[in-house]
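> output the structure for:
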Amino acid sequence: MNIQVASRLQHTEEYYFSKKLREIDELNKAGKQIINLGIGSPDLPPHPDVIRVLSEQASLPNTHGYQNYKGAPILRQAISDWYVRYYGVLLNPNTEVLPLIGSKEGIVHICMTYLQEGDKVLVPNPGYPAYTSAARLSGATIVPYTLSEENGWLPDLAAIEESDLSHVKMMWINYPHMPTGTLGNTAFFEQIVAFGRKHNILICHDNPYSFILNDQPQSILSVEGALDVAIELNSLSKSSNMAGWRIGMLLANETRINEILRFKSNMDSGMFLPLQVAAATALGLDRSWYTQLNDEYRKRREKVFEIMDLLGCSYNKDQVGLFVWAKIPSRFKDGYALCDDVLYKSHVFITPGGIFGSAGDSYIRISLCATSDVFQQAISRIKDTLA
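Predicted coordinates for the structure are as follows:
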């Protein structure tokens, strides 16, 4: 049989990490014992109370059925309370909060709800590859906007306005930014909300890193009138060490929640109730949880800075989030060349910035998701290679 994949997949390649991890697996089979510093999958556990609640709820006989497509009331209320407590944003838990099976599915839900052939979507370069993939699956046309170190990795809205925006329907932003670790600020969020309103563009803000190495988490929804033009995605993957649990959230006005639910309700049947109750517990933790988490990440970041120094990279020590982003030395053609050099010589895997777009070609990214002992081992290997 000769069954062709649908045309929507012709420009959607397998995710870089999916391919690279297969190569690493083969290297490990050959005895190389690769240290993986490439992927941002938290290695620390959730709070013990969260695990306890999951176990208790999963032991009950009446928690295993299909769930409400809009999520359990206890989780929606916990999300609403969390947004008030940490972001200063008041949301109606019944109409403006939609739990997700991971925020990555929310990217697809938003694109499939609003985009179609003939529409255009502004996507950051460098930026999270899922924005481009989801938009392409919808049939829309990608319009990359370049972020640069010179402009503080923020969009140059004046330059974007000089282009033809007549068919642009959506713009993806992500602050704290992945992969560069750049923080947003109130002035920027006010400008981007005004930009969306002026050009009738839906602003989609992906916000999973706001608690990591950052003492003042911000939401675009704190800006007056933001709910008129913006949607925000958030997640417990990073802030609560629950990446594999797949618990995210979408925050928007009631009309958009209902529109997105029309698509989402045809894709899944709700999240396992014990997961939702445990997630509500995680959202109710006090600030000491985030303080303890960030104390550990600060120690790890110092180790990553040491690796970057060994490699001759330059970087901003004020960046936040789960990674360190750095510019490579001129002796390497691009980040891919440096990463392969470190992989094959030192048996340490780090991420080339080019996978996030052409504007990242001269950069690399290292994850903080490894113990200090593992980082020290990586440092020793790289030192031995350099010697």
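> buried stuff in stretch 347-362?
By 16 or more other CB atoms under 10 Å, the buried positions in stretch 347-362 come out as 347-357, 359-362. Using the backbone N, CA and C atoms, a C-beta is placed for each residue, glycine as well.
> so of these, which ones are in strands?
Within the buried residues of stretch 347-362, residues falling in strands by DSSP state E are 348-349, 351-352.
> list the buried residues in the helix or strand harbouring Ala337.
According to DSSP states H and E, Ala337 maps onto helix 335-346. With burial defined by 16+ other CB under 10 Å, the residues of helix 335-346 counted as buried are 335-336, 338-339, 342-343, 346.
> in CSV: these, plus distance to Pro46 and pLDDT.
Shown next, in CSV, are the buried residues of helix 335-346 (distance: CB to CB, whole Å; pLDDT from 0 to 100):
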residue, distance to Pro46, pLDDT
Gly335, 32, 97
Tyr336, 35, 95
Leu338, 34, 97
Cys339, 31, 96
Val342, 31, 97
Leu343, 31, 95
Ser346, 32, 96
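> and of these, the nearest to Leu202?
Distance to Leu202, by CB to CB, is smallest for Gly335 among these, at 31.8 Å.
> what about the spatially closest residue to Leu9 that is not a sequence neighbour, how many neighbours?
Spatial nearest neighbour of Leu9, excluding adjacent residues (CB to CB, 6 or more residues apart in numbering): Leu137 at 7.8 Å. Neighbours of Leu137 under the rule other CB atoms under 10 Å: 17.
> what of the one 3 residues further on?
Residues within reach of Ala140, counting by other CB under 10 Å, total 23.
> same check on Asp25?
Asp25 has 11 nearby residues by other CB under 10 Å.
> quick check: buried residues in stretch 161-172?
With the criterion 16+ other CB under 10 Å, stretch 161-172 contains buried residues 165, 168-172.
> of all the buried residues of stretch 347-362, which comes closest to His205?
Looking across the buried residues of stretch 347-362 and measuring by CB to CB, the closest to His205 is Phe356, at 17.4 Å.
> so the closest one makes contact with Tyr131?
No - using CB atoms under 8 Å as the test, Phe356 is too far from Tyr131 to be in contact (10.3 Å).
> just the terminal-to-terminal distance for stretch 323-332.
21 Å (CA to CA, to the nearest Å).
> my bad, stretch 234-242
Stretch 234-242 has its terminal residues 13 Å apart, counting by CA to CA.
> pull the residues that contact that stretch.
Under the contact criterion CB atoms under 8 Å, 6 or more residues apart in numbering, stretch 234-242 has outside partners 40, 42, 44-47, 50, 102-103, 207-212, 219, 243, 245-249, 251, 279, 282-283, 285, 289-290, 293, 322.
> any of the residues you listed buried? List them.
Using 16+ other CB under 10 Å, the buried members of those are 40, 42, 46-47, 50, 102-103, 207-212, 219, 243, 245-249, 251, 279, 282-283, 285, 289-290, 293, 322.
> which of these fall within helices?
50, 103, 279, 282-283, 289-290, 293 (DSSP state H).
> quick one: least confident helix or strand in the chain?
Ranked by mean pLDDT, DSSP states H and E, the weakest helix or strand in the chain is helix 16-29, scoring a mean of 85.
> which neighbouring elements make contact with whichever helix or strand comes after that helix?
Counting by DSSP H and E, the element after helix 16-29 in chain order, helix or strand, is strand 35-36. Using 3 or more CB pairs under 8 Å, 6 or more residues apart in numbering; DSSP states H and E, the elements in contact with strand 35-36 are strand 348-349, helix 372-386.
> now the ones you listed in JSON lines, with mean pLDDT and distance to Glu161?
Output for those, formatted as JSON lines (pLDDT from 0 to 100; distance: least, CB to CB, whole Å):
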{"stretch": "strand 348-349", "mean pLDDT": "96", "distance to Glu161": "40"}
{"stretch": "helix 372-386", "mean pLDDT": "95", "distance to Glu161": "43"}
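> between these, which one is nearest to Ser80?
helix 372-386 (36.8 Å).
> just the C-alpha atoms of the closest one, please, in CSV.
Taking Å, rounded to 0.1, in the frame of the first residue of the first chain, the C-alpha atoms of helix 372-386 are listed here in CSV:
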residue,chain,number,x,y,z
SER,A,372,25.0,19.6,41.0
ASP,A,373,27.0,16.3,40.9
VAL,A,374,26.0,15.6,37.3
PHE,A,375,27.0,19.2,36.3
GLN,A,376,30.3,18.7,38.1
GLN,A,377,30.9,15.5,36.1
ALA,A,378,30.1,17.4,32.9
ILE,A,379,32.5,20.1,33.9
SER,A,380,35.3,17.5,34.5
ARG,A,381,34.7,15.8,31.2
ILE,A,382,34.8,19.1,29.3
LYS,A,383,38.0,20.1,31.1
ASP,A,384,39.6,16.8,30.2
THR,A,385,38.6,17.3,26.6
LEU,A,386,40.0,20.8,26.5
